[in-house]
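Engineer: no sequence on hand, only this structure:
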């Protein structure tokens, strides 16, 4: 089946007010438009349609919050009622189709309700990760220019309460654009004063709200703006359209994840990230699944068995999380003792994405769970998987280190610096031939020129992913590193990801990172930082020396791998991505800025000391 036929067929499985007569408008590349003359509504497809089709009594949403000791469930009918009434709250504040609404919330059902309420009105939501610094939130306020901001008094972490309201107030003070109103969810863990004339109490506003109907929108009208992690002075707001998103996400639930309506699907992520948009909120609800909002961590809430409890308690069929979550569980419970306490017979597969999945973590998860563990690759910009073992189409052999082959709709190729295709097994830039499939980003908010220059100009006719890798003789794609992390050691192009794979095989290593640091003689040298498993009581210098030898044995002297240190933790974003670029800048003594998305800024002090111990970060 060709691409157009695939998406024409998939589009027939969603609700349209006006069905599209045209599948693709390719008149203005790279601004391709899918289903250009169709009209639809994302909230209608997520909720109203299922209620009308008799699924109203099925659980739509499970809320599980070990950090607040709270559990709650909503049926499709109950969730529809909440969303329609909150859409009424927004409408009372003047929100209409095309207006923007910023959602700055913790992992609570109200975050999902706010997102769907925006979609119901045809308003464009922009979710900003709860607890984001005021200056970063202010940048997003000025770029998106929201009519309303929806927030909460606080977020709850395992060991602390994070006050959101002071951060929000400071951001509005800093921003040039001022919202007309803020709707604040008051949480019992921490209250806050509301600003008279601007702030509304969520509960009070909902008590008197009139339910709002769905507003039909054009397929190419924006559904949301999502700012990519690491965004600073220049906002980089990924824009997702409405029609393409509904079609692609609903199609992917069966084709990629092999879930049927009624199945429980759990993406253990946050609504502030793209995974939360696609696979906590929209994808599962478009498909009639039961989705899970989990306010907790993989370890420490209260122990490394937290994920296993949720899977067992709610009969989760398919789980999706980041490899870093499994590395954390493996570090705390390397023999899987906590897992043995739960009945996980309901679980049919585990999907991992967000950070390269090293083969040792993949194999550990396979051994512990006894189900297919699928590493798949996608990005904020694409909104859904580029490469995956598509369990709903054909289950392929699992090859550790590879997210398998391109998903239907994506034509993935590897190009060299001159834009020429490279041979099988050769590392180059991973690109996707235009047009990208439905559900991928259609532009950057207020930055069409940047959309072209950042993603399409370097390799005309292709989307530049920013990742490097290779395709083997069997068509399996290997994503080795960000393009910036392919280092040049004395003229040899080497993948830091390949070295990380080797380090992760050391029995004492829980997780690791390799970055390229400047070297006067060889141009760059690889430098490794490793975190050891809990309970390991050995000389760290000995472990580091073994790691160096392991890389030299596996990759060879050409890797010039001599720099390695053991650290307590690695610096990460809140979504689990290791901040390799920041570590590289610190090591090279270059100017760097505290990443807006960093999970714990204090880690960088320890990293700096470790780098100094290796003769860097002067």
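Structural biologist: Alright, I've got the coordinates. Every value quoted in this text rests on a predicted model; they were computed, and no experiment measured them.
Engineer: the host helix or strand of residue 183 pairs with which strands?
Structural biologist: Using DSSP states H and E, the secondary-structure element containing residue 183 is strand 181-185. With DSSP bridges as the test, strand 181-185 is paired with strand 148-152 (parallel), strand 199-201 (parallel).
Engineer: give me the low-pLDDT residue ranges for the stretch 151-300 of the chain?
Structural biologist: Applying pLDDT under 70 to the stretch 151-300 of the chain flags residues 229-234.
Engineer: residue boundaries of the helices in it?
Structural biologist: 165-174, 202-207, 242-255, 274-276, 283-286 (DSSP state H, counting those that start in this stretch).
Engineer: what comes up buried for the second one?
Structural biologist: Applying a neighbour-count criterion of 16 or more other C-beta atoms under 10 Å, one finds 202, 205-206 buried in helix 202-207. Using the backbone N, CA and C atoms, a C-beta is placed for each residue, glycine as well.
Engineer: wait, doesn't residue 279 sit right on residue 269?
Structural biologist: Yes: the pair residue 279 / residue 269 is scored as a contact, 7.4 Å apart, by C-beta atoms under 8 Å.
Engineer: shared neighbours, those two?
Structural biologist: residue 320 (C-beta atoms under 8 Å, 6 or more residues apart in numbering).
Engineer: these two - which one has more neighbours?
Structural biologist: residue 279 (28 against 25; other C-beta atoms under 10 Å).
Engineer: returning to what we had before: most packed of the strands paired with strand 181-185?
Structural biologist: Neighbour counts (mean count of other C-beta atoms under 10 Å) averaged over each of the strands paired with strand 181-185 peak at strand 148-152, with a mean of 27.
Engineer: contacts for that strand next, please.
Structural biologist: Contacts to strand 148-152, defined as C-beta under 8 Å, 6+ apart, come from residues 90, 93, 95, 99, 101-106, 108, 110, 114, 130, 141, 164-165, 168, 172, 179-187.
Engineer: and the next helix or strand past the helix or strand hosting residue 119?
Structural biologist: Using DSSP H and E, residue 119 sits in helix 109-121. Following helix 109-121 in sequence order, the next helix or strand is strand 124-127 (DSSP H and E).
Engineer: by contact count, what packs against that following strand?
Structural biologist: Where contact means 3 or more C-beta pairs under 8 Å, 6 or more residues apart in numbering; DSSP states H and E, strand 124-127 is packed against strand 100-104, helix 109-121, helix 134-144, strand 222-227.
Engineer: circling back to that earlier point, reformat the helices of the stretch 151-300 of the chain as JSON lines; add distance to residue 377.
Structural biologist: Converted to JSON lines, the helices of the stretch 151-300 of the chain look like this (distance: least, C-beta to C-beta, whole Å):
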{"stretch": "helix 165-174", "distance to residue 377": "33"}
{"stretch": "helix 202-207", "distance to residue 377": "38"}
{"stretch": "helix 242-255", "distance to residue 377": "14"}
{"stretch": "helix 274-276", "distance to residue 377": "13"}
{"stretch": "helix 283-286", "distance to residue 377": "17"}
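Engineer: just those helices: most buried one?
Structural biologist: Comparing these by mean count of other C-beta under 10 Å gives helix 283-286 as most buried, with a mean of 28.
Engineer: which strands or helices does that helix pack on?
Structural biologist: Applying 3+ C-beta pairs under 8 Å, 6+ apart, we find helix 283-286 packed against helix 242-255, strand 290-294.
Engineer: hmm, 10 Å instead?
Structural biologist: On a contact count with 3 or more C-beta pairs under 10 Å, 6 or more residues apart in numbering; DSSP states H and E, helix 283-286 meets helix 42-43, helix 49-52, strand 59-65, helix 242-255, strand 264-267, strand 290-294.
Engineer: can you give me how far the third one is from the chain middle?
Structural biologist: Just to be clear, that refers to strand 59-65. Distance of strand 59-65 from the chain centroid (C-alpha atoms, centre = their mean, to the nearest Å) equals 20 Å.
Engineer: mind listing what's buried along the helix or strand following it?
Structural biologist: Once strand 59-65 ends, the next helix or strand along the chain (criterion: DSSP H and E) is strand 70-75. Within strand 70-75, the residues scored as buried using 16+ other C-beta under 10 Å are 73-75.
Engineer: rewinding a little: got the angle for the strand holding residue 183 vs strand 100-104?
Structural biologist: 30 degrees (axes from the mean of the first three to the mean of the last three C-alpha atoms, to 10 degrees).
Engineer: ok and strand 181-185 relative to helix 109-121, angle-wise?
Structural biologist: Interaxial angle, strand 181-185 versus helix 109-121 (the same axes, to 10 degrees): 140 degrees.
Engineer: show me what contacts residue 292?
Structural biologist: Contact partners of residue 292, counting by C-beta atoms under 10 Å, 6 or more residues apart in numbering, are 59, 61-64, 73, 264-268, 280, 284, 310-311, 314, 316, 319.
Engineer: isn't there a helix covering residue 607?
Structural biologist: Yes: assessed with DSSP: H, G, I helix; E, B strand; the rest coil, residue 607 lies in a helix.
Engineer: which residues touch it?
Structural biologist: Contacts of residue 607 (C-beta under 10 Å, 6+ apart): 513, 529, 565, 567-571, 579, 582-583, 586-587, 617.
Engineer: taking these one by one, which sit in helices?
Structural biologist: When the contacts of residue 607 are checked against helices (DSSP state H), the matches are 582-583, 586-587.
Engineer: of the residues you listed, grab the buried ones for PyMOL.
Structural biologist: Buried residues within the ones in helices among the contacts of residue 607, by 16+ other C-beta under 10 Å, are selected in PyMOL with:
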select buried, resi 582+583+586+587
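Engineer: next, format the ones in helices among the contacts of residue 607 as a markdown table and append pLDDT and distance to residue 446.
Structural biologist: Output for these, formatted as a markdown table (pLDDT from 0 to 100; distance: C-beta to C-beta, whole Å):
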| residue | pLDDT | distance to residue 446 |
| --- | --- | --- |
| 582 | 90 | 27 |
| 583 | 92 | 32 |
| 586 | 92 | 32 |
| 587 | 90 | 35 |
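Engineer: now the ones in helices among the contacts of residue 607 as a markdown table including distance to residue 558?
Structural biologist: A markdown table is the format used below for these (distance: C-beta to C-beta, whole Å):
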| residue | distance to residue 558 |
| --- | --- |
| 582 | 27 |
| 583 | 23 |
| 586 | 26 |
| 587 | 21 |
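Engineer: returning to that earlier point: so which of the strands paired with strand 181-185 comes closest to residue 390?
Structural biologist: With respect to residue 390, and counting by C-beta to C-beta, the nearest of the strands paired with strand 181-185 is strand 148-152 at 35.5 Å.
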